[in-house]
Every structure is written in structure tokens, then in C-alpha cells.
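*Asks:* task: produce atomic coordinates for the following.
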Amino acid sequence: MTGDRDRCVNYNVGHHLHWIQAKLARRSPARLGRATAEGDGWVRLELDDGEELRRWCHDGDRLRELLATGGGRVQLRSHGVLSEATGSGSAVSVAMESSPCVAPDQVRDDASLVDLIAQVGGFTVGGPAAGGVDEGGRDRRRGLAP
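*Replies:* Next comes the predicted model:
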């Protein structure tokens, strides 16, 4: 893993699980199987349909906790979501390749929402912030009141 995962703000696949990613994954078929942690965030998946895969998660500790809770039985869904086989517990985002974590100080304060998607794969903000309005009702992009 590269970067500081404790400070990571990256929502790209393999990093934090975004709520939209989780919602889309829950709508997809689950592929059941057994998983084994290999270290450095890597996990080996032996799916019940016979396919073997290797995936990466930036938070190896959380990945190991998930595997311990479910006894190694997991379900893999679309959008890189791996959870306990029952689907009722926690889930993590897994990717085919590792990628660097992004610390908060690496994200520009004036980054647009489009820039945030490009740099960290997503974000979650309240309604006013999504519209570019700060807590005082001022337009952050132009410094004007709406």
C-alpha cells in the first residue's frame, strides 16, 4: 500500500467504499466464495463457480476483520464490493490493482466537484456544498450571494 490509509480520502475502487458504490453493488448478483488475506491489502478469492481472483484493498486490517467475521466466506459483487457471505455485515471496496491513498492535504481546497471525482473518485457533501454554496449562503465559486 502506498500513502497513509488512516488519512486517505480516496473513493476510487480499492479505497473507501462510497455509499453509491455499495448501493449499486447490492443490486447486482452476488458471487459466493472463500477468501484468504495475503498481506499488504491483497486477498485471494476462490469463488464457488471455480474462478480464482486476486484483489486489493487499501485497508488490510479492515479486510482481515471482515474475513475473520465471516469465517473466510464472502460475496463479491459488481463495482468492487466484497462482503461477508451473508451480506449483512461490513463490506470493503476491492480493486484489481493497488493504487495510492490520497491524504486530505493533497486535495485542493478550491477543487470543483468534477476535480474531486477525477482526483479521489467521489465525495459526499450536503446540499448547499453540492450547489457551491458555503454555510453563509455565499456562492463559493464567485464570492457572491445566490
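
*Asks:* okay, now the unreliable bits of the chain?
*Replies:* Segments of the chain classed as low confidence (criterion: pLDDT under 70) are 1-5, 125-146.

*Asks:* next secondary structure element downstream of the longest strand seen in it?
*Replies:* Longest among the strand segments of the chain by residue count, using DSSP state E, is strand 31-39. As assigned by DSSP states H and E, the chain's next helix or strand after strand 31-39 is strand 42-47.

*Asks:* give the buried residues for the longest strand of the chain.
*Replies:* R31, G33, R34, A35, A37 (16 or more other Cβ atoms under 10 Å). In this view, the C-beta of every residue, glycine as well, is placed from N, C-alpha and C.

*Asks:* same list, the residues you listed, but as a markdown table with distance to A111 please.
*Replies:* Below are these laid out as a markdown table (distance: Cβ to Cβ, whole Å):
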| residue | distance to A111 |
| --- | --- |
| R31 | 36 |
| G33 | 38 |
| R34 | 41 |
| A35 | 35 |
| A37 | 34 |
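
*Asks:* nearest to V74, of those?
*Replies:* V74 lies nearest to A35 out of the buried residues of strand 31-39, by Cβ to Cβ, at 4.6 Å.

*Asks:* beta partners for that closest one?
*Replies:* L45 (DSSP bridges).

*Asks:* show me the helices in the protein, by range?
*Replies:* 19-26, 60-69, 113-120, 127-130 (DSSP state H).

*Asks:* export those helices as a markdown table, with columns for mean neighbour count and distance to G50.
*Replies:* Below are those laid out as a markdown table (neighbours: other Cβ atoms under 10 Å; distance: least, Cβ to Cβ, whole Å):
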| stretch | mean neighbour count | distance to G50 |
| --- | --- | --- |
| helix 19-26 | 15 | 22 |
| helix 60-69 | 17 | 20 |
| helix 113-120 | 14 | 36 |
| helix 127-130 | 12 | 44 |
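
*Asks:* can you lay out the ones you listed as TSV showing distance to H79?
*Replies:* Shown next, in TSV, are the helices of the chain (distance: least, Cβ to Cβ, whole Å):
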stretch	distance to H79
helix 19-26	5
helix 60-69	16
helix 113-120	15
helix 127-130	22
